[in-house]
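> Sequence and computational prediction follow.
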Amino acid sequence: MTSSHRPVDIMTCAIANMLEDGETVFHGVSSHLPMVAMSLAKNMHAPDLVHLNIPGGVNPSSIAKASYSSAGAELLDSGEAYFPLEEVFDLSMRGRLDVAFLGGIQFDINGNVNASVIGDYHRPKLRLPGGAGSAVLIPTAKKAIIWRVKHDPRTFVEKVDFVTTRGNLWKIVTPLCVFEFKNGKLHLDTIHPTSSLEEVRANTGFELLYDTVRYTPEPTREELNMLKKVDPHDYRSIELK
Amino acid sequence: MTSSHRPVDIMTCAIANMLEDGETVFHGVSSHLPMVAMSLAKNMHAPDLVHLNIPGGVNPSSIAKASYSSAGAELLDSGEAYFPLEEVFDLSMRGRLDVAFLGGIQFDINGNVNASVIGDYHRPKLRLPGGAGSAVLIPTAKKAIIWRVKHDPRTFVEKVDFVTTRGNLWKIVTPLCVFEFKNGKLHLDTIHPTSSLEEVRANTGFELLYDTVRYTPEPTREELNMLKKVDPHDYRSIELK
Amino acid sequence: MKKVMCLNKAAGMVRDGDTISFGGNVLHRVPMAFVREIARQKKQELKIVKTAGAHDIDLLCAMDSVTSVDAGFVSYETKFGLASHYRRAVQEGRVKGNEHACYTVICALRGAQMNVPFMPVKGLVAGELLEKNDYFMVVEDPFSGNPITLVKTIVPDVAVIHVQECDQNGNARIYGPKFEDVLLSRAAKKVIITTEQVVPAGMMKRNAEYVDIPSFLVSAVVHTPRGAAPASCPGKYDIDETSLISFLGMKTKEEIEGYLSDYSSRDHSGERTALRI
Amino acid sequence: MKKVMCLNKAAGMVRDGDTISFGGNVLHRVPMAFVREIARQKKQELKIVKTAGAHDIDLLCAMDSVTSVDAGFVSYETKFGLASHYRRAVQEGRVKGNEHACYTVICALRGAQMNVPFMPVKGLVAGELLEKNDYFMVVEDPFSGNPITLVKTIVPDVAVIHVQECDQNGNARIYGPKFEDVLLSRAAKKVIITTEQVVPAGMMKRNAEYVDIPSFLVSAVVHTPRGAAPASCPGKYDIDETSLISFLGMKTKEEIEGYLSDYSSRDHSGERTALRI
């Protein structure tokens, strides 16, 4: 397949389409792409989606000012209520957070996530930023979505160096494909139309499990128009720059 | 000794004089007398006393509107900050509440306090209102002061019917005298000039321990004038009416 | 999803046997219209949880709607005396009085907010409350080996909170003391808001930072002007002493049923205006 | 008791070896003037606690002032990359990186607020963070017999919080996101406020309900206009990208000492105006 769309737009639309109307959805720091996807979903099919974030602005009317940070005051300034990070965690602990967006540096087929270290935990070769909320949100959110803008064999590995958390993942979205975690294993869910089975395989350090090869939907014209409106400065690709 | 003062005024001034400048001091519900005593202290010798209460008004400028309740919004309306009950408890747990005012129905010489039941706990002869904060504040406040407007042998008993909490009392103030808890026993601290050793003994169900007989100071003219100002409606005697 | 509903329907969300908690404190901002509707609907076997209650608990005990009360303090304030219906119900064994220390109710609700089975409590270290109640336990802190008291978490099935302002989505704002109401709204499975005024969402949004209970936590909104009476509602009205004293003089269930039915049309009076919004 | 003091004296309240926590989050409302002063005073062996830090932690690690960092996330946001001084310090074994899950930092601070030795945590049920760190422990819930994770309480000796407004008594108000700062002010033994403006107490009292940190919790007030820079301060200024990027390019301690001394007079600039109040 060929596609003229940018992978980041395919990713953003794919994520937006994972979100259902009325769901409570949280993104953290350094999370522009999911923030834009949430805003897209809310303006398309999910008007009652509840957008939660670190600064605590429930349903910010606009994300257009959140340039360098997805944890800044702008999200609160235009929100409907104040519901800060502490409370979002509590909400997830109560089983009432529907979707959480989380990061990570390494993933393996068994749904292990590493956001902590490469090498020994106490004297690491590489100290990573840390899992932030992952270790408590992945086990408790109803649907944990991981997005990662790198898809290479050092990211999708046979076995992670360190298990920051594991299990209860729902989807992993990369520039090449979407994985789904089911029956304890990562399965290839859809391949982006800009990529191919071969490319995904060449860049994945573990066996690709799938039934049939399916493709991620192309962004629609309506979605692309709305993306221009909700994210005029293309913050969604900040991680890819 | 004879005295023309009302016992309630002697009590109020005695309590006020137990409070030191800069202390954090809490009173709860149904606590007009200590509330007035705090206000008196703050306006006399303890301007930096920190007045804490259930509705959360730190240092209310006036208590003159708190007619039927010592837990109403008036205390917040005229306060300097909002620091509600939950937080006052936490503060006490951290050892940073200097003085707490608490009630109770029965007391014995060993510093046991009953605010719960007469008779069996699960099927009481009399269900009392309950200890409110007593069971956690008496053990944690630096100085726990109990005031009680009844002083009779059913209140100061050989052995309480039920131990709501025990230990770490500091003072008990009654219309007849002040007890101090030291070395694990209630000691007679001072007798009000309106009463006598005989009267206290006749109304106390346990042995009176004391070294010398001392009297509670009479309210000064300045104190009485200030009482008129801070408590013009005589809320302090609401329990005695 | 329409959250604004009539009192009748909202009270119908409370099921017999529910653990229920009411906002406010003693005689302040208590959701009395809702409490009365529960009583009129003859709910049974409610388990009430509150740090410090008065008329709410007393009334429901009088109507035999209650099986247990977990509270630190149950009494009117000094001037209005004791909660005689509650007392009698406990003394006669009809209601189990689970005494807490106010703070242990708060801790039990914090446990619910965090969805953990217990909360450690510093101060509760002595006395018979510890010994007689199975919801307290002293264990060894595994980090230090020292003893520490735990209180068992209480998860209310329903919290009912009376506020001055709420929008039609359920964003609610409390003026004046909040007591434990914000915590309650996080601890309970379902939150029902009764409100003096239903305000437009746009207006609420202008002071979004001061919304105390965000809409997504709220299941129902009921317009009940004077819904805290005869308790006070800060900024709106003070206690209704006449009503309160008349209730305190009542001895029989029949008298109290009369009292409840006298309030009925007032309790439902907000429904018409709310539906116009 | 005079609480308003100069930056120099307030930073002197921090002792070598202290457990210290800074307000704000990543690049927002961080008490950077204070952090720089700590670095200039060459404090040693600080144990830093924060849910999510960036420039504060990175700078102090660069200056070898730190022995451990308890945090859920340490990194600048995407655009500014990783916290390289922190990383290197951990990788070289100079700093112990105690990874938390943000929420477990919050829970550890709640433990401090309540003065209990641990806090139960629902979500932390799997992975090596549990296994490698002695501040987590899985025990049996004595009420149900089910496993439950505990996180050990962390009590900061000092919390430093930058706010927009504070009065001379220490009543402080935060505009915009509060992050974990209110909790921090309750958890720490000592609270130091740095503030954009020192406002008259009478003015603060007009909005008493919105005071976030009451004076009796506060030990020191320091007037530090632009005291969060190069981080942002909502309502006052956005990040100083030039300064931040210049720092991110620095490799040696000497360069960073230059950076610190460049800031010195700005960091102390508020002292004169504050003393006039």
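All right, it came through fine. Numbers count the residues shown, from 1 in each chain, chains lettered A, B, ... in the order given.
> C:F179 - nearest residue in space that isn't next to it in sequence?
C:N25 (4.3 Å; Cβ to Cβ, 6 or more residues apart in numbering or on different chains). The way it works is simple: take the backbone N, C-alpha and C, and place the C-beta from them, glycine included.
> how far away is that neighbour from B:P55?
Distance of C:N25 to B:P55, computed by Cβ to Cβ, to the nearest Å: 8 Å.
> Need the residues touching each of these two.
Residues touching both C:N25 and B:P55 by Cβ atoms under 8 Å, 6 or more residues apart in numbering or on different chains: B:71, C:177, C:179.
> Quickly note the distance from the first one to C:D238.
Applying Cβ to Cβ, one obtains 14 Å for the distance of B:A71 from C:D238.
> which of those two has more neighbours?
Higher neighbour count among B:A71 and C:D238: B:A71, with 26 against 20, using other Cβ atoms under 10 Å in any protein chain shown.
> and the more buried one, what does it touch?
With Cβ under 8 Å, 6+ apart, B:A71 has these contacts: B:28-29, B:53-55, C:25-26, C:28, C:52, C:77, C:177.
> Give me every residue in the stretch 101-250 of chain C lying close to chain D.
Within the stretch 101-250 of chain C, the positions near chain D by Cβ under 8 Å from any Cβ of the partner chain are C:107, C:111, C:114-122, C:137, C:139, C:141-144, C:146, C:148, C:150, C:152, C:210.
> if we can go back for a sec, which one of the shared contacts of C:N25 and B:P55 is nearest B:D77?
The shortest approach to B:D77 among these belongs to C:P177, at 9.5 Å (Cβ to Cβ).
> Who are the contact partners of the closest one?
B:54-57, B:71-73, B:76, B:84, C:25, C:28-29, C:234.
> Rebuild those as JSON lines, extending it with pLDDT, distance to B:E239 and secondary structure.
Output for the contacts of C:P177, formatted as JSON lines (pLDDT from 0 to 100; distance: Cβ to Cβ, whole Å; DSSP: H, G, I helix; E, B strand; the rest coil):
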{"residue": "B:I54", "pLDDT": "94", "distance to B:E239": "17", "secondary structure": "coil"}
{"residue": "B:P55", "pLDDT": "94", "distance to B:E239": "20", "secondary structure": "coil"}
{"residue": "B:G56", "pLDDT": "96", "distance to B:E239": "23", "secondary structure": "coil"}
{"residue": "B:G57", "pLDDT": "96", "distance to B:E239": "22", "secondary structure": "strand"}
{"residue": "B:A71", "pLDDT": "83", "distance to B:E239": "15", "secondary structure": "coil"}
{"residue": "B:G72", "pLDDT": "85", "distance to B:E239": "17", "secondary structure": "coil"}
{"residue": "B:A73", "pLDDT": "89", "distance to B:E239": "22", "secondary structure": "coil"}
{"residue": "B:L76", "pLDDT": "91", "distance to B:E239": "23", "secondary structure": "helix"}
{"residue": "B:P84", "pLDDT": "94", "distance to B:E239": "25", "secondary structure": "coil"}
{"residue": "C:N25", "pLDDT": "94", "distance to B:E239": "19", "secondary structure": "strand"}
{"residue": "C:H28", "pLDDT": "95", "distance to B:E239": "20", "secondary structure": "strand"}
{"residue": "C:R29", "pLDDT": "98", "distance to B:E239": "24", "secondary structure": "coil"}
{"residue": "C:P234", "pLDDT": "96", "distance to B:E239": "24", "secondary structure": "coil"}
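> Not counting sequence-adjacent ones, nearest residue to the residue nearest in space to the middle of chain C?
Geometric centre of chain C, nearest residue: C:F22, 0.6 Å, by Cα atoms, centre = their mean. Leaving aside its chain neighbours, C:F22 sits nearest to C:D56 (4.9 Å; criterion: Cβ to Cβ, 6+ apart).
> same thing with A:P124?
Nearest non-adjacent residue to A:P124, counting by Cβ to Cβ, 6+ apart: A:V117, 3.7 Å away.
> can you count the residues close to the spatially closest residue to C:F118 that is not a sequence neighbour?
Excluding the flanking residues, the one nearest C:F118 by Cβ to Cβ, 6+ apart is C:L150, at 4.2 Å. Using other Cβ under 10 Å, C:L150 has 24 neighbouring residues.
> Confirm that C:L150 sits in a strand.
Yes: applying DSSP: H, G, I helix; E, B strand; the rest coil, one finds C:L150 inside a strand.
> residues near the spatially closest residue to C:D64 that is not a sequence neighbour, how many?
With sequence-adjacent residues excluded and distances taken as Cβ to Cβ, 6+ apart, C:D64 is closest to C:R94, at 6.9 Å. Number of residues near C:R94 (other Cβ under 10 Å) recorded here: 12.
> helix/strand/coil for the closest residue to C:A83 other than its chain neighbours?
Counting by Cβ to Cβ, 6+ apart, C:D58 is the residue found nearest to C:A83 once chain neighbours are left out, at 4.0 Å. Three-state assignment for C:D58 (three-state DSSP): helix.
> Likewise for A:H233?
A:H233 - assigned by three-state DSSP - is coil.
> Which pair in the contacts of C:P177 has the greatest spatial separation?
Counting by Cβ to Cβ, the most remote pair of those is B:G57 and C:R29, 14.9 Å apart.
> who's more crowded, these two?
C:R29 (32 against 28).
> Quick check: the more buried one vs C:Y86, distance?
C:R29 is 20 Å from C:Y86, by Cβ to Cβ.
> Low-confidence ranges, the chain, go.
I'll assume chain A. Applying pLDDT under 70 to chain A flags the ranges A:1-2, A:241.
> That was the other one, I meant chain C.
Flagging of chain C using pLDDT under 70 yields the residue ranges C:1, C:274-277.
> most residues in a single helix of it, which one?
For chain C, the longest helix by residue count, based on DSSP state H, is helix C:253-267.
> Can you mark which positions in that helix are buried?
Buried residues in helix C:253-267, defined by neighbour count with 16 or more other Cβ atoms under 10 Å in any protein chain shown: C:256, C:259-260, C:263, C:267.
> What is the nearest of the residues you listed to chain A?
C:D267 (28.0 Å; Cβ to the nearest Cβ).
> Identify the residues contacting the residue nearest to A:P124.
With Cβ under 8 Å, 6+ apart, A:V117 has these contacts: A:124-128, A:161-162, D:97.
> How about C:V182?
C:V182 makes contact with C:174, C:212-213 under the criterion Cβ under 8 Å, 6+ apart.
> Scan those and report the most crowded one.
C:I213 (27 neighbours).
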